[in-house]
Structures are given as structure tokens and as C-alpha cells.
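Undergrad: Give me the fold of what follows.
(one chain, ligands or ions: 1)
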Amino acid sequence: MDQSVINGYVSDSDYLIQAFEAIDSAVLLSHISAFLPEVPADIVDIGAGTGRDAEWLASLGHNVLAVEPVDEFRLAGKSIHAVSGIEWMKDYLPALKKLLNVGKVFDFVLIASVWQHIKDDDRKIALGNLRTIVKRKGRVAISLRNGPGAPNRKCYPVEVGGMIGLAQKFDFNVISHSEAESVQKSNQAAGVTWTWLILEAV
Ligand SMILES: C[S@@+](CC[C@H](N)C(=O)[O-])C[C@H]1O[C@@H](n2cnc3c(N)ncnc32)[C@H](O)[C@@H]1O
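TA: Reported below is the predicted structural model:
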């Protein structure tokens with residue numbers, strides 16, 4: 001984990017909690033909703049922020065584990081999204097130490113707007129650990145940030161072709177690849193777009 005990234009989120013947490021909550025999950029996740037498992041499934045949202053998407057997934061009838069390293073986001077999320085169907089855990093990529101210790105396997109993993117913060121070498125460790133926590137035929141939905149990084153929170157470039165090849169090395173088939181505009185106005189203005197990949201565990 002890159003502690004400077006976490007520190008950047010902590011120092012802007014008041015503003016970011018509002019910004020995360022202003023996003024409509026149904027719009028953000030429209031590119032991946034067709035790939036969600038049948039209800040009720042076990043889903044883990046890694047880098048869950050305030051749990052906006054975790055609540056949306058829980059509202060569909062899924063059991064959601066929201067994994068988030070930033071205390072400020074987890075605490076806000078527990079209060080804003082105090083609904084049944086969501087559990088919280090403090091953990092982080094690439095190690096996912098606590099999550100791996102639980103020994104549970106999931107039907108679906110959501111990683112929305114997080115991968116840009118993971119360094120190249122750490123992405124390999126992360127994919128290996130993700131494969132461990134996903135059931136066979138389970139899926140990982142992951143968004144890749146294209147364009148400039150966020151000020152105050154370091155972003156590492158990602159190349160879509162390279163990411164697809166890397167996922168295959170870790171026993172994932174890439175079953176969908178779609179391009180999305182940013183939903184946040186500030187990212188639109190900065191020229192940020194997103195590539196959504198759906199990885200299916202072999
Ligand atoms: C741009 S925010 C997206 C939050 C949420 N997924 C959403 O769409 O609102 C990135 C999130 O990733 C988290 N994060 C940063 N580094 C992480 C890491 N190494 N492992 C897991 N989460 C991380 C941040 O704390 C933050 O909540």
C-alpha cells in the first residue's frame with residue numbers, strides 16, 4: 001500500500017465524502033451491472049470509500065463486504081449506509097492480509113477507481129490475491145483510470161492491453177471491456193476516462 005495515497009485521501013476526506021456520496025451508483029455501475037451474479041451473492045467492494053456502491057449492491061439483495069483502508073471513509077460509511085447486508089473491514093491492496101485470513105471466497109469483486117493507486121509490481125501481487133478470494137467462474141469488475149492522475153493522491157499509469165495480459169497470467173479471462181466517461185465533473189474537465197474490465201476466474 002502507498003501510505004502517501006492514504007494520507008492524501010485523509011487530508012481531503014471531508015470534501016471527498018460528499019463527492020463520493022454525490023455519485024449515482026446505478027449510473028457509475030451501468031457498464032458492469034449485466035455481469036453481476038444472481039441474488040443473493042457474496043460480494044466484496046475493495047477500496048469501497050464511503051460504501052455508496054456497497055449499499056446499492058446490498059439493496060439488490062447481495063451480501064456485501066466493504067473493504068476500505070481510510071478510517072474517515074469507513075466511519076462515515078458505517079453511519080451513512082447503516083443498512084443490513086453490509087459488513088466493513090479495514091484492509092488494503094495488494095496484500096489483503098485480513099481478508100485472506102478470513103479464508104472466504106466471493107462470487108464477485110468490485111474495484112472502482114482504485115487500481116490507479118496500485119504500483120506496477122503490487123498489481124501482480126494484488127491479482128494473485130484476488131484470484132485466491134474469487135470462486136471459480138466468479139468475477140472481478142475493475143475500472144482503470146485513463147488520463148491525468150488526481151492531485152494530492154499519486155496515480156500510476158495503466159495500459160489496458162498490459163492489464164488484460166496480466167489478468168490472463170493470473171487465471172482470469174477478460175470477458176468484457178468497455179469505455180466510460182467520468183461521472184464526476186472535475187474528472188470530465190480534466191479529460192479523465194475509464195476502462196471497465198470484467199475478469200472471470202478460470
Ligand atoms: C477514488 S476513491 C473510490 C472510492 C469508491 N470505490 C468509489 O467509487 O466511491 C479510491 C478509494 O481507494 C482507496 N484506496 C487507496 N489505496 C488503496 C489500497 N491500496 N487498497 C485498497 N483501497 C485503497 C481509497 O481509500 C479510496 O477509498
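Undergrad: From Phe172, how far off is the spatially closest residue to Asp171 that is not a sequence neighbour?
TA: Spatial nearest neighbour of Asp171, chain neighbours left out: Val202 (4.5 Å); criterion: C-beta to C-beta, 6 or more residues apart in numbering. Heads up, the C-betas are built off the backbone N, CA and C, glycines and all. Using C-beta to C-beta, to the nearest Å, one obtains 7 Å as the distance from Val202 to Phe172.
Undergrad: Then His81?
TA: 29 Å.
Undergrad: ok, back up a step: higher neighbour count, Val202 and Phe172?
TA: Set Val202 next to Phe172 and count neighbours by other C-beta atoms under 10 Å: Phe172 wins out with 24 against 11.
Undergrad: ok, whichever strand in the chain runs longest: who's next to it in the sheet?
TA: Identified as the longest strand of the chain according to DSSP state E is strand 134-146. With DSSP bridges as the test, strand 134-146 is paired with strand 106-111 (parallel), strand 193-201 (antiparallel).
Undergrad: can you list those in a markdown table and add mean neighbour count and distance to the ligand?
TA: Shown next, in a markdown table, are these (neighbours: other C-beta atoms under 10 Å; distance: least, C-beta to the nearest ligand atom, whole Å):
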| stretch | mean neighbour count | distance to the ligand |
| --- | --- | --- |
| strand 106-111 | 22 | 8 |
| strand 193-201 | 20 | 10 |
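Undergrad: With mean pLDDT added, can I get these in a markdown table?
TA: Formatted as a markdown table, these follow (pLDDT from 0 to 100):
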| stretch | mean pLDDT |
| --- | --- |
| strand 106-111 | 98 |
| strand 193-201 | 98 |
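Undergrad: Show the pLDDT at the closest residue in space to Leu93 that isn't next to it in sequence.
TA: Leaving aside its sequence neighbours, Leu93 sits nearest to Ala126 (C-beta to C-beta, 6+ apart; 4.6 Å). We have a pLDDT of 98 for Ala126.
Undergrad: Which parts of the helix or strand hosting Ala126 count as buried, going by neighbours?
TA: According to DSSP states H and E, Ala126 maps onto helix 120-133. With burial defined by 16 or more other C-beta atoms under 10 Å, the residues of helix 120-133 counted as buried are Asp122, Arg123, Ala126, Leu127, Asn129, Leu130, Arg131, Ile133.
Undergrad: again with stretch 144-161
TA: Neighbour-count burial for stretch 144-161, counted by 16+ other C-beta under 10 Å, picks out Leu144, Arg145, Asn146, Ala150, Arg153, Cys155, Tyr156, Val158.
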